[in-house]
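Asks: prediction below, plus the sequence it came from.
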Amino acid sequence: SGSPNLAKQIYLLTSLNISTRLFNKLAKRKGINKIYSGKNDLFSV
């Protein structure tokens with residue numbers, strides 16, 4: 001008996017992590033990596 005909420009949380013965390021990585025790649029290209037790095041700490045698990 002698995003909780004659907006747990007699966008949902010894992011899915012959300014995974015997609016957040018993926019979009020964070022994609023954003024970081026774009027940010028490095030555009031040179032705004034330093035601005036974002038502070039916000040990134042908030043999402044660290």
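Replies: Arrived safely, thanks for sending.

Asks: which residues of this protein fall in helices?
Replies: 4-30, 33-43 (DSSP state H).

Asks: pick out the shakiest of the ones you listed, pLDDT-wise.
Replies: Note on those: lowest mean pLDDT is at helix 33-43, with a mean of 56.

Asks: let me have the helices of the chain in a markdown table, extended by mean neighbour count.
Replies: (Glycine included, C-beta is placed from N, CA and C.) Output for the helices of the chain, formatted as a markdown table (neighbours: other CB atoms under 10 Å):
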| stretch | mean neighbour count |
| --- | --- |
| helix 4-30 | 11 |
| helix 33-43 | 10 |
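
Asks: need the contact list for Gln9.
Replies: Applying CB atoms under 8 Å, 6 or more residues apart in numbering to Gln9 gives no contacts.

Asks: now it: how far from Ser3?
Replies: Per CB to CB, to the nearest Å, Gln9 is found 9 Å from Ser3.

Asks: likewise Leu22?
Replies: From Leu22 over to Ser3 (counting by CB to CB), the distance is 29 Å.

Asks: Ile18 now?
Replies: Taking CB to CB, one finds Ile18 at 23 Å from Ser3.

Asks: kindly report the same for Ser19.
Replies: 24 Å.

Asks: again with Thr14
Replies: 16 Å.

Asks: what's the answer for Arg29, then?
Replies: Distance from Arg29 to Ser3, by CB to CB: 39 Å.
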